[in-house]
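Novice: got a structure for you, letters missing:
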């Protein structure tokens, strides 16, 4: 009987850790999606996914009020405001000019390494 109780506790700990790691991984992937996508509407969509995953993470940790605040304030107000501003701006001419994004990747990588270690 003692072994089954210990196994149940161990299983609950492992499953809760897996959910927390999964939400953290999806936050990381959505954050990368914000940076990589070239369409601003897709970036805002990835931003909404970041907020949603952070809210799920906080709710799983038991911080329900902060989780709901994230949903209401960030997704309900900030992300919708970003979408409204992007739609109001006429961005059709932005895509016609090539900015040389691939030339800036090494500089971005070096700055990232610099800020991570200093």
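Specialist: The structure has been received and is ready for your questions. Just so it is clear, the structure is predicted and the values come from calculations on it, not from any experiment.
Novice: residues near residue 78, how many?
Specialist: 14 (other Cβ atoms under 10 Å). Bear in mind the C-beta positions are built from the backbone N, C-alpha and C, glycine included.
Novice: oh sorry, the question was meant for residue 35
Specialist: Counted with other Cβ under 10 Å, residues neighbouring residue 35 total 9.
Novice: for it, helix, strand, or coil?
Specialist: At residue 35, secondary structure determined by DSSP: H, G, I helix; E, B strand; the rest coil is helix.
Novice: Could you do residue 86 as well?
Specialist: What three-state DSSP gives for residue 86 is helix.
Novice: Need the nearest residue in space to it, chain neighbours excluded.
Specialist: Closest residue to residue 86 apart from its sequence neighbours, by Cβ to Cβ, 6 or more residues apart in numbering: residue 40 at 4.7 Å.
Novice: average pLDDT across the helix or strand containing residue 16?
Specialist: Using DSSP states H and E, residue 16 maps to helix 2-36. The average pLDDT within helix 2-36 is 77.
Novice: After that helix, which helix or strand is next?
Specialist: Beyond helix 2-36 in the direction of the C-terminus, DSSP H and E gives the next helix or strand as helix 40-60.
Novice: my read: residue 75 touches residue 50, true?
Specialist: No. Contact criterion Cβ atoms under 8 Å: residue 75 and residue 50 do not qualify, at 9.8 Å.
Novice: Could you report the neighbour count for the residue nearest to residue 86?
Specialist: For residue 40, the count of nearby residues is 16 (other Cβ under 10 Å).
Novice: before we move on, what about residue 67?
Specialist: By other Cβ under 10 Å, 18 other residues sit near residue 67.
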